[in-house]
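> Provided below for reference: sequence and predicted model.
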Amino acid sequence: MAFAKNEPPVMLAAIAGAHGVMGEVRLKIFTQDLASLKKYKIFNDGTLTLKKVRPHKIGAVAQFEEITDRNMAEAARGTQLTVPHEELPQLEDDEFYYSDLIGLPCVSDIGDVIGIICMVENYGAGDVLEIEKPDGQKFMVPAHAADIDAKPIIVQSGFVQ
């Protein structure tokens, strides 16, 4: 999937709360692994600079230059850590970033309009697309049941609810 210019930034992690009294924060990671996050040092258009990060049972613990005490760490709870889309590694033809699928329209393989992708998850057995219908109802389909290279995305009718 090729990058379009001026894509919105991509969230790689979020600050879940303070860790200790020295300004460290707990992170919820949205990358494949911690090594993927460590590739980046600057987040949120330069407002946060990563000093160090290490694994933790709930994700990771990080220290940012701009967060120096527990009060600042607590105040940062909920902060999304983003990088520009164009800084992400280029993907192979059969790969995609979840964020690139959000908002894409879907139709069935017989041409019926289904809705838009509102979430992509992976519960261990493979990627799952959550699709929101025009009436607001949502349903899930395995990604293997959809042609994500097609525009709009084509979903096998046997999986449409």
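Received it, and whenever you're ready, just let me know what you need.

> this structure - how does it break down into domains?
For the chain, the structural domains run 10-87, 98-159, going by automatic domain parsing.

> need the mean per-residue confidence for the longest one.
Confidence for domain 10-87, expressed as mean pLDDT, is 94.

> ok so, going back, need the domains of the chain in CSV with mean neighbour count, can you?
Placement of C-beta: from N, CA and C, glycine included. Listed next are the domains of the chain as CSV, based on neighbours: other CB atoms under 10 Å:
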stretch, mean neighbour count
domain 10-87, 16
domain 98-159, 15
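
> quick check: end-to-end length of stretch 64-76?
Terminal residues of stretch 64-76 are spaced 11 Å apart (CA to CA, to the nearest Å).

> just stretch 95-110 next, same as before
Per CA to CA, stretch 95-110 runs 25 Å from first to last residue.

> what separates that stretch from the chain centre, distance-wise?
Between the mean C-alpha point of stretch 95-110 and the mean C-alpha point of its chain there is a distance of 14 Å (CA atoms, centre = their mean, to the nearest Å).

> average pLDDT across that stretch?
88.

> list the contacts of that stretch.
The set of residues external to stretch 95-110 that reach it, using CB atoms under 8 Å, 6 or more residues apart in numbering, is 1, 10-11, 85, 88, 91, 113-120, 127, 129, 131, 146, 148, 151-157, 160.

> so of those residues, which ones are in strands?
10-11, 113-120, 127, 129, 131, 146, 153-155 (DSSP state E).

> which residues of the protein fall in helices?
With DSSP state H as the criterion, the chain has helices at 34-38, 70-75, 98-101.

> let's have these in JSON lines, adding distance to Thr47.
Listed next are the helices of the chain as JSON lines, based on distance: least, CB to CB, whole Å:
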{"stretch": "helix 34-38", "distance to Thr47": "17"}
{"stretch": "helix 70-75", "distance to Thr47": "13"}
{"stretch": "helix 98-101", "distance to Thr47": "20"}
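
> closest one to Lys57 among the ones you listed?
Taking CB to CB as the measure, the helices of the chain were each checked against Lys57, and helix 34-38 came out nearest at 12.5 Å.

> what's in contact with stretch 59-79?
Outside of stretch 59-79, the residues within contact range by CB under 8 Å, 6+ apart are 13-29, 34, 37, 44, 47-55.

> just stretch 32-50 next, same as before
Stretch 32-50 is contacted by residues 9, 12-13, 27, 29, 31, 53, 55, 60, 62-67, 79-83, 87 when judged by CB under 8 Å, 6+ apart.

> please compute how far it lies from its chain's middle.
Centroid displacement of stretch 32-50 relative to its chain, using CA atoms, centre = their mean, is 14 Å.
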